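*Asks:* Sequence and predicted structure are below.
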Amino acid sequence: MAAATELPALPSPPAAAAGGGGVPEAEVAAMKAEMESERALRESVSPKATAAATAALHATHAFQCGAMAEGQRLLAEAEAGVAALLAEIEAGPRAWYTRGAPAVAHCLEAFATAACFWHFFAHGALAARASLASLQDSEYLQGAMGFAQELSRYAIGRATAGDVGSVLLCSTLSASLFAKLQEFDFRNGPLRRKVR
């Protein structure tokens with residue numbers, strides 16, 4: 001039979017008697033203020049992120065439809081929105097946390113997708129990472145994956161029109177991108193789910 005464990009005596013005087021019920025009030029108040037500040041920032045950037053994402057999605061659609069001038073205008077609008085959005089986020093508390101908020105993450109992915117798509121039409125290749133320097137690596141990769149999805153839609157449209165050269169270019173680029181993505185070990189994050 002195990003020996004009985006002796007319980008330690010209460011501190012003298014107990015912390016509860018000193019006021020505050022034993023809770024570190026200043027620390028809790030500081031955490032509460034930081035969380036409220038983060039919430040206010042998320043509420044402030046969410047509509048801006050939605051507006052920039054909408055412009056980026058419309059730019060991608062315009063490129064798919066062949067309205068290049070309209071697509072460029074919308075992409076420039078999205079780029080300006082993303083720049084303002086990221087400036088506000090970086091000035092706030094825990095920028096990495098706010099960048100991961102669903103509306104912001106969606107916005108950055110949509111922008112990267114549209115930028116990669118436009119670069120494809122201008123140069124016939126995937127946009128270099130350096131051309132989207134404001135984005136983090138994971139945001140760029142998600143945009144590149146979104147671009148690959150848009151590229152397949154574009155290739156189907158070109159195949160319908162009988163444009164063999166464009167279809168071959170899309171096929172080669174998609175295969176190269178997929179091969180490079182397979183070299184990564186994404187574990188169980190959002191990038192791995194997107195590659196599948």
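*Replies:* Sure, I can see it.
*Asks:* residues contacting residue 125?
*Replies:* Counting by Cβ atoms under 8 Å, 6 or more residues apart in numbering, residue 125 touches 119, 173. For every residue, glycine as well, the C-beta is placed using N, CA and C.
*Asks:* tell me the secondary structure for it?
*Replies:* At residue 125 the chain is in coil, as set by DSSP: H, G, I helix; E, B strand; the rest coil.
*Asks:* how much space between it and residue 154?
*Replies:* 14 Å (Cβ to Cβ, to the nearest Å).
*Asks:* One more: residue 83?
*Replies:* Between residue 83 and residue 154 the computed distance is 27 Å (Cβ to Cβ).
*Asks:* For these two, indicate the residue with more neighbours.
*Replies:* residue 154 (20 against 13; other Cβ atoms under 10 Å).
*Asks:* just checking, the more buried one touches residue 66?
*Replies:* No - taking contacts as Cβ atoms under 8 Å, residue 154 lies outside contact range of residue 66: 10.1 Å.
*Asks:* In terms of secondary structure, what does the biggest helix by length in the chain contact?
*Replies:* Longest among the helix segments of the chain by residue count, using DSSP state H, is helix 25-65. Applying 3 or more Cβ pairs under 8 Å, 6 or more residues apart in numbering; DSSP states H and E, we find helix 25-65 packed against helix 68-91, helix 95-99, helix 102-123, helix 137-160.
*Asks:* Same list as before, these that is, but in CSV and with mean pLDDT included.
*Replies:* CSV is the format used below for the helices and strands packed on helix 25-65 (pLDDT from 0 to 100):
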stretch, mean pLDDT
helix 68-91, 95
helix 95-99, 84
helix 102-123, 95
helix 137-160, 94
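*Asks:* Out of these, flag the one nearest residue 37.
*Replies:* Residue 37 lies closest to helix 95-99 among the helices and strands packed on helix 25-65, at 10.4 Å (Cβ to Cβ).
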